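S.K.: from the sequence below, what's the structure:
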Amino acid sequence: MVAENEVAKHVVESAYRVHTQLGPGLLESVYEQVMAYELTSRGLTVRRQQLVPVMYDNIRMATGFRVDLMVEDLVIVEIKSVLEPAPVHFKQLLTYLRLSDRRLGLMLNFGGATMKPGIRRVVNGLYARPDVGAQSAAS
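M.R.: Okay, the predicted model is just below:
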């Protein structure tokens, strides 16, 4: 996950910069646009509101889901601007990762007074690798 972690580092640094400059409480669409600008200015490829199709029974469904930001086609970034994200937001991001076959997602909540508690990593397939978590998964 080296490439994903390098991308995530840029996303986190950008989130801190954006939150410091703009503060909390703006619309999610504002943070999305500014984050896309910030990440692009760092030389990263960013797609906003990228449609990800859903496959079901080997059929590609016309309706899928949209991720707020797809960075370097590796990391999904979901942006929130709420006091406290609901547990369903994390489950939703994990589902997005699973259905898009990505491993790393970041939930960024710009609603708090500081950015640190608003950054959450969500990892897909952490225990799918035989060298990671094999004992705890088998127990």
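
S.K.: what residues of the longest strand along the chain count as buried?
M.R.: Identified as the longest strand of the chain according to DSSP state E is strand 59-71. Within strand 59-71, the residues scored as buried using 16 or more other Cβ atoms under 10 Å are Gly64, Val67, Asp68, Leu69, Met70, Val71. In this view, the C-beta of every residue, glycine as well, is placed from N, C-alpha and C.

S.K.: what do you get for stretch 111-129?
M.R.: Buried residues in stretch 111-129, counting neighbours by 16+ other Cβ under 10 Å, are found at Gly111, Gly112, Met115, Gly118, Ile119, Arg120, Val122, Asn124.

S.K.: wait, Leu99 touches Val52, no?
M.R.: Yes: in this structure Leu99 lies within contact range of Val52 using Cβ atoms under 8 Å: 6.6 Å.

S.K.: describe which strands the helix or strand hosting Arg121 pairs with in its sheet and in which direction.
M.R.: Assigned by DSSP states H and E, Arg121 belongs to strand 119-123. If you go by DSSP bridges, strand 119-123 pairs up with strand 104-109 (antiparallel).
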